[in-house]
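can you look at this prediction? I've put the sequence above it.
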Amino acid sequence: PMVVRRSAFLALGLFAHMQCPGECEAGYEQELSLRAWLAGFEVALLPPPEAPEAGECAKQAIPGLYSMEALNTMKANVAAARAQAARAPSMQNCSGLPVPRLPQGYHATCEGLDDFPKAALMVQYFKRPKNIKAIMKGITNTPESTEVFINNDSGGDHAAWRGELVGGNRFLVYSHDIHEIRAYNRLGLMANSEMLVTLQDDDVPTGRTWLKQALGLFAAHPRLTYMTGYRARAGAGGNVGLGRDKVSVVDPKTGTPFQFVYKLVAGPLFMRRSTWLDLGMFNMNFSCAGDPGIHFEYEYSLRTWFRDYQAGIYDCGFEHHVGDWKNTGTRANKVVEARRRTIGMRNSMNVKFMFRNLHGGHMAPLSQKAHRTHVAHSTGQDVDMAFE
């Protein structure tokens, strides 16, 4: 076994992808050890009382992992760092200390497997088996490279999902009734992609351009970090999206109908993973495990604007409320449905309390910030002017 500090493991960039699936996994631990020393961490051996004999993979040579020149450079850098300081700098240029130089990283190119896909599609699933094929057909029809995570929260239907998850970057996670907030937080931590997309089990992706449009909007607007493809509350009041007022602006940078808005409604929801992590992910205080997280997306919307990021809406074209959605999933249980309404009222009050004096009515500061951004966008002005 290996024991690694999680914070250091993340800071070092995790294990290098040195092998493709099905190959012997050998050498990745030595490579991480060398990187750890170069970054100023320490590595130690704690042998068990009866160390097992090395397996077949461990006995095999790893051709081309590092050249002798690269290994000698590492050795010299480590020796110099040890000689001058107990802890070498990470990658800083500090006076009197050597700057560690990493050799060019080795990354296996595996056919049919993209380690850095364009988006992570995260599905929260609970007892809607008739929708499984339709959801996966919509995902498969999306041309961009994606990683797909299914959180099976229902205690069943695992075999049905396994039959649909074909190819690389398809992950099936089993949990038991933890609901959407904890599911999306866990899946988002597992993802490699910078774009996170939350999907519900009664929404089906349609067409082949929805993800391309979302990626384009995020690329065109660096402060945009949160977006819905369904419905939202506008900064000046009124509701926008499916079955409500139409999105009123065509984005001049992408040609996609898009509008900056105040509070988002799930789903799908689109987030920049780096900012989502920085903002603290979704707030787990909005539901206990086993309870629905009503209005968690409202709270994250307000947090987004409060931290000087932007939120918006576009029409993703999904087919929403597929199947008998009113009588399946969590809505099938009348007791749970009643608790759902109670939690919704409680969380609405939570939002008002958390953002008191900032939220509530179209003249509140956060509403006005969203509205000023929308006005600037719709009149061709700098959308960052609302933050000045």
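Received, thanks.

residue 375 belongs to a helix?
Yes - counting by DSSP: H, G, I helix; E, B strand; the rest coil, residue 375 is located in a helix.

excluding sequence neighbours, find me the nearest residue to it.
The shortest distance from residue 375 to any non-neighbouring residue, by C-beta to C-beta, 6 or more residues apart in numbering, is to residue 381 (7.8 Å). In this view, the C-beta of every residue, glycine as well, is placed from N, C-alpha and C.

which residues of the stretch 51-200 of the chain score low on pLDDT?
Applying pLDDT under 70 to the stretch 51-200 of the chain flags residues 51-71, 74, 77-78, 80-109.

show me the strands in it, by range?
With strands called from DSSP state E, counting those that start in this stretch, the stretch 51-200 of the chain shows them at 119-125, 146-152, 170-174, 195-200.

in CSV: these, plus mean neighbour count.
Below are the strands of the stretch 51-200 of the chain laid out as CSV (neighbours: other C-beta atoms under 10 Å):
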stretch, mean neighbour count
strand 119-125, 26
strand 146-152, 24
strand 170-174, 16
strand 195-200, 24
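
closest one to residue 316 among those?
Smallest distance to residue 316 across these (C-beta to C-beta): 9.3 Å, for strand 195-200.

the closest one: how far from the chain's middle?
Averaging C-alpha positions (C-alpha atoms, centre = their mean, to the nearest Å) puts strand 195-200 8 Å from its chain's average.

and for the helix or strand that that strand is followed by, what are the contacting residues?
Scanning forward in sequence from strand 195-200 by DSSP states H and E, the next helix or strand is helix 210-220. Applying C-beta atoms under 8 Å, 6 or more residues apart in numbering, the contact partners of helix 210-220 are 118-119, 142-144, 146, 195, 197, 224-225, 227, 229, 251, 253-254, 256, 258, 270, 272, 312, 314, 316-318.

which of those count as buried?
118-119, 142, 144, 146, 195, 197, 224-225, 227, 229, 251, 254, 256, 258, 270, 272, 312, 314, 316, 318 (16 or more other C-beta atoms under 10 Å).

for the residue nearest to residue 375, give me phi and psi.
phi -90, psi 180 (degrees, to the nearest 10).

what about it, how many neighbours?
The tally of other residues near residue 381 (other C-beta atoms under 10 Å) stands at 13.

compare the strands of the stretch 51-200 of the chain and give me the one nearest residue 307.
Judging the strands of the stretch 51-200 of the chain by C-beta to C-beta, what sits closest to residue 307 is strand 195-200, at 17.0 Å.

alpha carbons only: can I get the closest one in PDB?
C-alpha atoms of strand 195-200 as PDB (Å, rounded to 0.1, in the frame of the first residue of the first chain):
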ATOM      1  CA  MET A 195     -16.600  22.200 -17.800                       C
ATOM      2  CA  LEU A 196     -19.000  20.500 -15.500                       C
ATOM      3  CA  VAL A 197     -22.600  19.800 -16.600                       C
ATOM      4  CA  THR A 198     -25.300  18.600 -14.200                       C
ATOM      5  CA  LEU A 199     -28.000  16.400 -15.800                       C
ATOM      6  CA  GLN A 200     -31.200  15.200 -14.200                       C
END
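
pull out the buried residues from the lengthiest helix in the chain.
In terms of residue count, the longest helix belonging to the chain (DSSP state H) is helix 334-354. Within helix 334-354, the residues that qualify as buried by neighbour count (16+ other C-beta under 10 Å) are 340, 343, 347, 350, 351.

check stretch 176-189 too.
178, 179, 180, 181, 182, 183, 184, 185, 186, 187, 188.

likewise stretch 129-137?
131, 132, 134, 135, 136.

where's the last one relative to residue 148, distance?
Using C-beta to C-beta, to the nearest Å, residue 136 is found at 8 Å from residue 148.

likewise residue 298?
In terms of C-beta to C-beta, residue 298 sits 27 Å off from residue 148.

residue 334 now?
Separation of residue 334 from residue 148 (C-beta to C-beta) stands at 32 Å.

repeat for residue 333
28 Å.

and what of residue 345?
Residue 345 is 34 Å from residue 148, by C-beta to C-beta.

next: residue 195.
In terms of C-beta to C-beta, residue 195 sits 13 Å off from residue 148.

what's the overlap in contacts for the two?
In contact with both residue 195 and residue 148: residue 120, using C-beta under 8 Å, 6+ apart.

so what's residue 297 up against?
Going by C-beta under 8 Å, 6+ apart, residue 297 touches 228, 263, 264, 265, 266, 267, 269.

name the nearest residue to the first one, ignoring sequence neighbours.
The spatially closest residue to residue 228, leaving aside those adjacent along the chain, is residue 264, at 4.1 Å (C-beta to C-beta, 6+ apart).

can you get me a residue count around the one you found?
So residue 264, with other C-beta under 10 Å, has 26 neighbours.

about what we covered before: mind putting the strands of the stretch 51-200 of the chain in a markdown table, distance to residue 43 included?
Listed next are those as a markdown table, based on distance: least, C-beta to C-beta, whole Å:
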| stretch | distance to residue 43 |
| --- | --- |
| strand 119-125 | 31 |
| strand 146-152 | 30 |
| strand 170-174 | 30 |
| strand 195-200 | 33 |
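
how about the helices in the stretch 151-300 of the chain?
In the stretch 151-300 of the chain, the helices defined using DSSP state H, counting those that start in this stretch lie at 158-164, 179-190, 210-220, 273-278, 296-306.

got the contact list for stretch 371-383?
Outside stretch 371-383, the residues within contact range by C-beta under 8 Å, 6+ apart are 221, 223, 234-236, 248-249, 251-252, 259-262, 310, 362, 385-386.

before I go, just wanted to say thanks for your time.
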